[in-house]
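> Generate a structure from the sequence data that follows.
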Amino acid sequence: MVVPTHQADVVILGGNPGGIGAALAAARRGRKTIMIEPSPYIGGLMASGLGVTDIRSLNAAGSVFREFASYVVQHYADTYGPDSEQVVHCREGLRFEPSVAKSIFKRMIEAEPLLTTLTSRELVSVEKEGDALTSITVRPIEGGKEEVYKAQLFVDATYEGDLAAMAGVPYSLGRESRDEWNEEYAGVLYQNFRTKEVLAGSTGLGDDRIQAYNFRLCLTKNKDNQVPFRKPASYNREDYVSLIEDVAEGRVKGFSDVCNTVMIPNGKTDTNNHHYCLCSTDLPEENREYPEGSRKVRERIIKRHREYIQGLLWFLQNDEELPDWFKEDSRQWGYAADEFEDTDHFPPQLYVREARRIHGEYVFTENDARIAPGLDRSPIHYDSIASGDYGIDSHATRKREPIGQNIALEGFMAVGFLTGIYQVPYGIIVPQRIDRLLVPVAVSATHMGLGTIRMEPCWMQIGYAAGVAADVSIRTGRHVRDISVDKLQDELLKDNQVITYLQDVPWGTETSRAVQYFGAKGFFKGYDALPDVAVTVEQASSWIAFSRSLPGGGKLPALPASAAILPAGTDMGPKSPREEPSPREYWKEHPRLTGAMARRWIRVAGKAMNIDPGEPFADDDRPVTRAAFLNALYALLRESRNRQSV
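Down below sits the predicted model:
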């Protein structure tokens with residue numbers, strides 16, 4: 001039997017936001033791109049009920065996610081008016097209906113002529129030449145011929161890390177111990193979610209447990225757009241009876257104390273597990289076979305989770321032992337009739353919060369998202385490709401048990417109070433052992449580290465970086481682990497990706513790109529760049545000297561703050577050696593870099609790179625700002641790298 005074979009520049013497995021980000025980046029750079037989604041549905045969780053995106057604000061977001069958010073705002077403004085309540089409720093595009101996300105993703109994908117999207121195909125096998133991945137074979141899940149897809153570069157964007165695992169990338173499952181990576185909240189943990197107090201029974205030991213999965217429901221109280229909850233055939237009342245005592249004791253005061261109903265536009269909800277309820281939509285302990293399971297195993301687990309939640313909703317509205325007032329409160333709710341119409345108004349995608357985590361060139365841990373000792377920000381990564389902004393959390397790994405004292409489920413925790421906006425290093429998507437593969441979703445991280453990265457806006461931007469990296473790899477003929485990270489950062493910054501969050505520089509400006517690049521190199525110890533402050537001679541000298549070590553930096557002469565670079569025509573006073581001020585004394589009296597000095601310094605730097613820097617500074621005594629100096633320095637480095645890559 002002849003197996004159909006297809007060729008592309010980039011092949012992506014996984015049509016979730018991470019995969020879409022990668023596909024758009026590659027296709028927009030002229031790469032023939034094929035995105036293959038195992039399920040029948042594109043968009044992952046953002047098109048399957050997760051309409052309250054897990055990001056604190058747009059500050060840490062750029063490129064493709066900002067683009068998506070702008071389309072959300074545009075949709076509600078065009079449909080209901082720019083001053084409508086829908087525009088207000090969408091919160092700058094961070095809240096949206098599942099159907100809106102689905103339509104926006106469709107629009108973004110269909111706008112790319114070099115991007116082909118396929119659905120309902122499961123991975124069968126892979127082919128390698130040595131350690132290099134060369135092709136994958138997939139098969140339609142409803143039956144049919146196998147298909148082979150060859151590419152120069154592959155991206156595994158599945159939530160489960162299926163392609164990486166089949167290709168032979170090592171990976172982890174479960175939780176590390178507290179001591180393994182010096183993570184304060186790792187391992188077995190009982191936490192009072194309200195007070196953040198760590199409770200008795202917390203050992204910090206690692207294990208193979210996986211945090212709970214669920215479905216993100218789209219519900220409404222609007223009777224004109226409502227479908228009633230239905231009792232599933234497999235209904236098991238015992239799954240929910242602990243709630244009867246919770247209601248009687250006052251721990252649960254209504255439907256929304258069991259199901260966390262957060263409003264999105266048009267009177268609908270993103271309904272999630274409730275943080276303070278010990279029996280909610282999560283189903284701990286019943287997903288442990290999922291990450292490595294076959295399609296049949298996963299389908300069984302998905303069915304169990306779906307019917308468990310359907311049974312919970314029926315219980316809350318109908319159980320005889322619940323008080324009438326509680327049931328009446330619950331009966332206000334139903335499925336949104338105009339959402340998920342082809343799946344009985346129930347979301348099609350299980351929320352796989354965590355599965356495999358690859359072993360990559362770098363391991364992202366809890367400490368990479370915390371404020372770092374000695375800094376006023378999270379740790380600095382020279383190879384940063386994106387930023388994240390969400391507090392570390394984890395859902396439960398065990399069901400209700402006596403040790404929780406009706407306060408906590410083991411493994412359910414949140415330490416957002418520790419988490420700062422952080423950088424995402426390139427090394428976490430570069431797998432060990434296997435070449436021609438990037439993994440932007442099942443990234444290299446500990447359980448705690450993944451507890452913040454595992455958010456769709458972050459995955460979407462990491463996926464975008466993977467697509468850009470794929471293009472750089474193909475264009476330069478280098479393996480993904482050997483490409484110039486600085487060149488990759490240049491390309492990302494050109495597309496307004498946020499690789500370093502700085503709170504005092506507007507997003508999307510030339511200055512933003514320059515200070516973000518140098519921020520990734522450690523120029524700023526906090527979240528402020530102070531772009532309008534005059535640069536000192538000391539700072540400018542050290543910044544140029546450091547730039548000598550950067551790709552594209554050329555062989556610069558040393559430029560210390562010394563008399564050798566005094567501005568011409570400066571009145572130095574009497575020329576007697578005994579009366580002449582020393583360089584140290586002179587710079588103490590004249591600490592700011594002037595335009596005339598900056599003009600000469602940048603000219604020397606450009607000469608070392610064989611680049612004419614033009615005239616970025618006026619030949620006068622006015623002080624130069626930090627932004628202006630860094631813009632000029634970054635322009636030199638970027639042009640030098642561009643010439644080297646030609």
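> hmm, who's touching the longest helix anywhere in the chain?
As assigned by DSSP state H, the longest helix anywhere in the chain is helix 295-318. Contacts with helix 295-318, where a contact means Cβ atoms under 8 Å, 6 or more residues apart in numbering, come from 122, 141, 213-215, 217, 229-237, 239-240, 243, 255, 258-259, 279-281, 283, 286-287, 289-290, 293, 322, 326-327, 330-331, 333, 346, 350. C-betas here are computed from N, CA, C, even on glycine.
> same check, this time on stretch 128-142
3, 5, 11, 13, 36, 38, 120-127, 145-151, 154, 163, 167-168, 295, 433-437.
> If we use 7 Å, what do you get?
Applying Cβ atoms under 7 Å, 6 or more residues apart in numbering, the external contacts of stretch 128-142 come out as 11, 13, 36, 120-127, 146-150, 154, 163, 167, 433-437.
> Can you report how many residues neighbour the nearest residue to R481 once chain neighbours are set aside?
Here the nearest residue to R481 in space, its sequence neighbours aside, is V430; by Cβ to Cβ, 6 or more residues apart in numbering that works out to 5.1 Å. Other residues near V430 come to 26 when the count uses other Cβ atoms under 10 Å.
> re the thing from before, show only the entries of the contacts of helix 295-318 found in helices.
Per DSSP H, these map to helices at 243, 326-327, 330.
> Quick check: S387 vs E92, distance?
17 Å (Cβ to Cβ, to the nearest Å).
> who's more crowded, these two?
Relative neighbour count places S387 above the other of S387 and E92, with 22 against 14, counting by other Cβ under 10 Å.
> And the pLDDT for the nearest residue to I244 once chain neighbours are set aside?
Leaving aside its sequence neighbours, I244 sits nearest to E321 (Cβ to Cβ, 6+ apart; 5.0 Å). Confidence per residue is given as pLDDT, and for E321 that number is 98.
> same thing with K588?
Note for K588: predicted pLDDT of 82.
> helix or strand for it, which one?
K588 belongs to helix 583-589 when elements are defined using DSSP states H and E.
> and that helix, how far from the chain's centre?
47 Å (Cα atoms, centre = their mean, to the nearest Å).
> Kindly report the same for stretch 626-640.
Shown here is stretch 626-640, whose average C-alpha point lies 28 Å from the average C-alpha point of the whole chain (Cα atoms, centre = their mean).
> Mind listing what's buried along it?
Of the residues in stretch 626-640, 626-640 count as buried by neighbour count, 16 or more other Cβ atoms under 10 Å.
> So which of these sit within helices?
With helices defined by DSSP H, the entries of the buried residues of stretch 626-640 inside them are 626-640.
> related to what we said a few turns ago, restricted to buried residues, select the contacts of stretch 128-142 in PyMOL.
A single PyMOL command is used to select the members of those judged buried by 16+ other Cβ under 10 Å:
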select buried, resi 11+13+36+120+121+123+126+147+148+149+154+163+167+434+435+436+437
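> circling back: let me know the closest of the ones in helices among the buried residues of stretch 626-640 to L593.
Out of these, the one with the shortest distance to L593 is F629. That distance is 6.8 Å, counting by Cβ to Cβ.
> Okay, now the unreliable bits of the protein?
Scanning the chain for pLDDT under 70 picks out the ranges 1, 404, 555-580, 646.
> Any idea which residue is closest to the centre of the protein?
Among the residues of the chain, the one closest to the centroid is C458, at 1.4 Å (Cα atoms, centre = their mean).
> May I ask which helix or strand encompasses that one?
helix 456-476.
> Would you mind listing the buried residues in that helix?
Those buried within helix 456-476 under the rule 16+ other Cβ under 10 Å are 456-474.
> Stretch 301-309 now?
Buried positions in stretch 301-309, judged by neighbour count with 16+ other Cβ under 10 Å: 301-302, 305-309.
> likewise stretch 234-251?
By neighbour count on 16+ other Cβ under 10 Å, the buried set for stretch 234-251 is 235, 239-240, 243-244, 246-247.
> which other helices and strands contact whichever helix or strand I602 is part of?
For I602, the enclosing helix or strand under DSSP H and E is helix 595-608. Other elements packing on helix 595-608 under the criterion 3 or more Cβ pairs under 7 Å, 6 or more residues apart in numbering; DSSP states H and E are helix 537-547, helix 626-645.
> Figure out how far that helix is from the centre of its chain.
Using Cα atoms, centre = their mean, the distance from the centre of helix 595-608 to the centre of the chain it belongs to is 39 Å.
> Now that helix: buried residues?
When neighbours are counted by 16+ other Cβ under 10 Å, the buried residues of helix 595-608 are found to be 595-602, 605-606, 608.
> quick one, that helix and helix 626-645 angle?
Comparing the axes of helix 595-608 and helix 626-645 via axes from the mean of the first three to the mean of the last three Cα atoms, to 10 degrees yields an angle of 10 degrees.
> ok and helix 595-608 relative to helix 537-547, angle-wise?
Per the same axes, to 10 degrees, the angle that helix 595-608 makes with helix 537-547 is 10 degrees.
> excluding its backbone neighbours, what's nearest S384?
By the measure of Cβ to Cβ, 6+ apart, the closest residue to S384 outside its immediate chain neighbours is Q423, 3.7 Å from it.
> And the one you found, how far from K487?
18 Å.
> Tell me which of the two has more neighbours.
Q423 (28 against 21).
> Not counting its own residues, what contacts the strand or helix carrying the more buried one?
Counting by DSSP H and E, the element that carries Q423 is strand 422-425. For strand 422-425, contacts defined as Cβ under 7 Å, 6+ apart pick out 362, 364, 368-369, 378, 380-381, 383-388, 453, 462, 499-500, 520.
> Return the subset of these lying in strands.
Using DSSP state E, the members of the contacts of strand 422-425 that fall within strands are 384-388.
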